Each structure stands twice: as structure tokens, then as C-alpha cells.
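Visitor: generate a structure from the sequence data that follows.
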Amino acid sequence: MASTATLPTKMKAWTYAEYGKSSEVLKLETDFDVPQINDDQVLVKVAAAGINPIDFKRMAGMFKVTDSPLPIIPGYDVAGVVVKVGSQVKKFKEGDEVYGDINEKALDHPTQFGTIAEYTAAEEKLLALKPKNLSFIESAGLPLAMETAYEGLERCHFSAGKSLLVLGGAGGVGTMIIQIAKQVYGASKIAATSSTGKLELLKSLGADLPIDYTKQNFEDLPEKFDAVYDAVGQCERAVKAVKEGGHVVTIYGAVVPPATLFLLTSDGATLEKLEPFLESGKVKPIIDPKGIFSFAQTPQAFAFLETGRVVGKVVIAINP
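Guide: Numbers count the residues shown, from 1 in each chain. Have a look, this model is predicted:
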């Protein structure tokens, strides 16, 4: 492993200097400055980076009012090795294998220099030690989706013995919501929606009632739920499926009362809290069978993610 004295000053990184479609604006830079770190940050040699819908929405300019200046290196999720630590860092040392979502606030000035690069800088508090039983690729698929799933369930005041309906159960966030609701919270019953081909996956993750949205309207079910987690932006329908006094959370689109919309606040402490469930195999990363791409294939990785048909996550192997 490179000691601090021999760290390179330049790196390869995928960047965009204008907003637009990923296929038009993403460019591979081979001579980009390795980011400098602040006192509370570590420099991570990136092994793998997970990508999320927020990455291409940001690239399209949907959040430009609160974005960092261009050019931007995309990517929120990282797994890699610490190669340098800031003077105030207590939790990590050089050589530690870590993972996390490096943007504390999803849309409020996310970092200019993200994770689809050979190196990235991240605040210590946003990272956790990588679970020992998981590869870098598996770990890179977890942070943003897993933390989003957990925070939404917290906001639903979810607890053991409650029932839950998940809209979009086969996506990156949905696959995590089902597992965490079942394994961490002890849900009494979980219903989840997906297309026909993904119903078996929902069952394997812990859904008691898989719903094929191509054949059935979940809001017409006679049964209502203690909580509804909308991961797809169908809030108007979601609120029809909740019990009186229940909770609805959404992470996309227009909000219809009594639902609430939230944007993730990333925190390494959440990853640490969930570590026992990952290390025991009770909660597993779900990566699409076609969803692992090389660093050179980053544009293809985005094209695949943008189809909206991904099961679980898409991950880019950078220094595997």
C-alpha cells in the first residue's frame, strides 16, 4: 500500500463539466488532481463505487441551485482503503478498509469530487469499517440505499409487530427496506410491489405478500398497513394503503398528506449500527446480476441504471 510520501498527485476520474445526459457529458480525465483532505477527512483509495439514481439526476442539473461548482466527479457511495488521515481523525488509520456515502446531505452542496475516481476524500464521521465478510464491490452497493431504508423506517416510527407496504421492493432502496424491516425491526408482515419477474426475489428477501404491480393495484387491497414506504414516487396512491394513524414516507416526487418526504442524512454511525446484521448475513447487499462494471465501463453503468429496471444496485469496480 502506498505510504503518504509516495501517494500520487494526479489520478484518473470520470467527470462532467456541464449538465446533461450521462451519455453526452461524462468524460474520463486521466490527469485530475488527487483531492486534498481537511483535518476531519481521510483520503480513500477507491476500490469500488456504487451509483444511484441521484447521480444521474444531479448530472442532468435537477439540483443545480444547491450543487457544488462544476466540474464534478459523480458518485456518493464508496468502498476502499484509507491511505491518508487528517490531523483530527481518531477512528481510522492508514490501511483500514472502509465504506460509506461521502455526502452528508444528499442535495445540499454534495461534494465536487465524488467517488468514481481512483481516490476520494471523505469526512471520518460518514464512513465505517467495511464488514469483514463482504467484498469491496458488495460493500460499495450498500451505504446510500441502506441508510435511506433505515432512516425512512425510523421516520415511520416503525417497530416490532407492525405491518409495512414497500413500493418498489426490488430496487436499490426497496431491497434494503424489506430486509431491514424484517431482520432489524421485526416486522409482523411485509407487502412489497414489483414487476412479475421479481416477485421471487421479494419473497427471498422476506416479503410475505409480493404484489405484481402489473396485475394488481395495491391501494385496492382490503388490508391496510401500519406504514407505507414509497421508494418510487407514488405518494397519491401510497396514502390510500395506510391505516388510520399510520405513517407514509416517500423519497421521490410530490407529497400528499399525511405522507412526509425526506432526503437522507448520511452517517457512519448508521452503518456501524447495522454491521452485526451484515456480518451475520441477515441483511445482504443485492447487486444486479448484470450490475458490475469496470471503471472504463462507467458510461455503460449509467446507461444501465437509467433504464429503471435494475434489481438492487449497480457498482463500478475501480481498483478491485
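
Visitor: when you work out contacts or count neighbours from here on, use the C-alpha atoms and nothing else.
Guide: Will do.

Visitor: and the residue nearest to residue 69 when sequence neighbours are not counted, what does it touch?
Guide: Nearest residue to residue 69, sequence neighbours excluded (Cα to Cα, 6 or more residues apart in numbering): residue 112, at 6.6 Å. Residue 112 is in contact with 68, 69, 70, 71, 72, 73, 74, counting by Cα atoms under 8 Å, 6 or more residues apart in numbering.

Visitor: tell me the secondary structure for the third one?
Guide: I take that to be residue 70. Assigned state for residue 70: coil (three-state reduction, DSSP: H, G, I helix; E, B strand; the rest coil).

Visitor: quick check, pLDDT for the closest residue to it other than its chain neighbours.
Guide: In space, and not counting its chain neighbours, residue 70 is closest to residue 17: 5.4 Å by Cα to Cα, 6+ apart. Residue 17 is assigned 98 on the pLDDT scale.

Visitor: next one: residue 6
Guide: pLDDT, residue 6: 86.

Visitor: just how off-centre is the single longest strand found in the chain within its chain?
Guide: Secondary structure of the chain read by DSSP state E shows that its longest strand is strand 41-51. Per Cα atoms, centre = their mean, to the nearest Å, the displacement of strand 41-51 from the mean C-alpha position of its chain is 14 Å.

Visitor: same question for stretch 132-146.
Guide: On Cα atoms, centre = their mean, the centre of stretch 132-146 falls 10 Å from the chain's centre.

Visitor: list the buried ones in that stretch?
Guide: 136, 137, 138, 139, 140, 141, 142, 143, 144, 145, 146 (16 or more other Cα atoms under 10 Å).

Visitor: out of the residues you listed, list just those in helices.
Guide: 136, 137, 138, 139, 140, 143, 144, 145, 146 (DSSP state H).

Visitor: the residue nearest the centre of the chain and residue 66: what is the separation?
Guide: Nearest residue to the geometric centre of the chain (Cα atoms, centre = their mean): residue 144, 2.5 Å. Distance of residue 144 to residue 66, given as Cα to Cα, to the nearest Å: 19 Å.

Visitor: just residue 136 next, same as before
Guide: 31 Å.

Visitor: next one: residue 52
Guide: Separation of residue 52 from residue 66 (Cα to Cα): 18 Å.

Visitor: higher neighbour count, these two?
Guide: Using other Cα atoms under 10 Å, the more surrounded residue of residue 52 and residue 66 is residue 52, with 22 against 11.

Visitor: report the contact partners of the closest residue to residue 312 other than its chain neighbours.
Guide: Spatial nearest neighbour of residue 312, excluding adjacent residues (Cα to Cα, 6+ apart): residue 172 at 4.0 Å. By Cα under 8 Å, 6+ apart, the residues touching residue 172 are 52, 145, 286, 310, 311, 312, 313.

Visitor: now distance to residue 97 too, for these, in TSV please.
Guide: Shown next, in TSV, are the contacts of residue 172 (distance: Cα to Cα, whole Å):
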residue	distance to residue 97
52	22
145	20
286	20
310	27
311	26
312	23
313	21
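
Visitor: just the residues you listed: which are in helices?
Guide: Using DSSP H, residue 145 are the members of the contacts of residue 172 that sit in helices.

Visitor: just the ones of the contacts of residue 172 in strands?
Guide: residue 313.

Visitor: is it possible to mark the buried ones in the contacts of residue 172?
Guide: Counted by 16+ other Cα under 10 Å, these give 52, 145, 286, 310, 311, 312, 313 as buried.

Visitor: how near is residue 70 to residue 63?
Guide: Counting by Cα to Cα, the gap from residue 70 to residue 63 is 13 Å.

Visitor: just put the buried residues of stretch 132-146 in CSV and tack on pLDDT.
Guide: Below are the buried residues of stretch 132-146 laid out as CSV (pLDDT from 0 to 100):
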residue, pLDDT
136, 98
137, 98
138, 98
139, 98
140, 98
141, 98
142, 98
143, 98
144, 98
145, 98
146, 98
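
Visitor: touching, residue 128 and residue 273? I think so.
Guide: No - counting by Cα atoms under 8 Å, residue 128 does not reach residue 273; the two are 9.9 Å apart.

Visitor: between the two, which one's more packed in?
Guide: Set side by side, residue 128 and residue 273 show more neighbours around residue 128, with 25 against 11, by other Cα under 10 Å.

Visitor: next one: whichever strand or helix holds that one to chain centre, how far?
Guide: Using DSSP states H and E, residue 128 maps to strand 127-129. Relative to its chain's centre, strand 127-129 lies at 15 Å (Cα atoms, centre = their mean).

Visitor: fine by me, we can end here.
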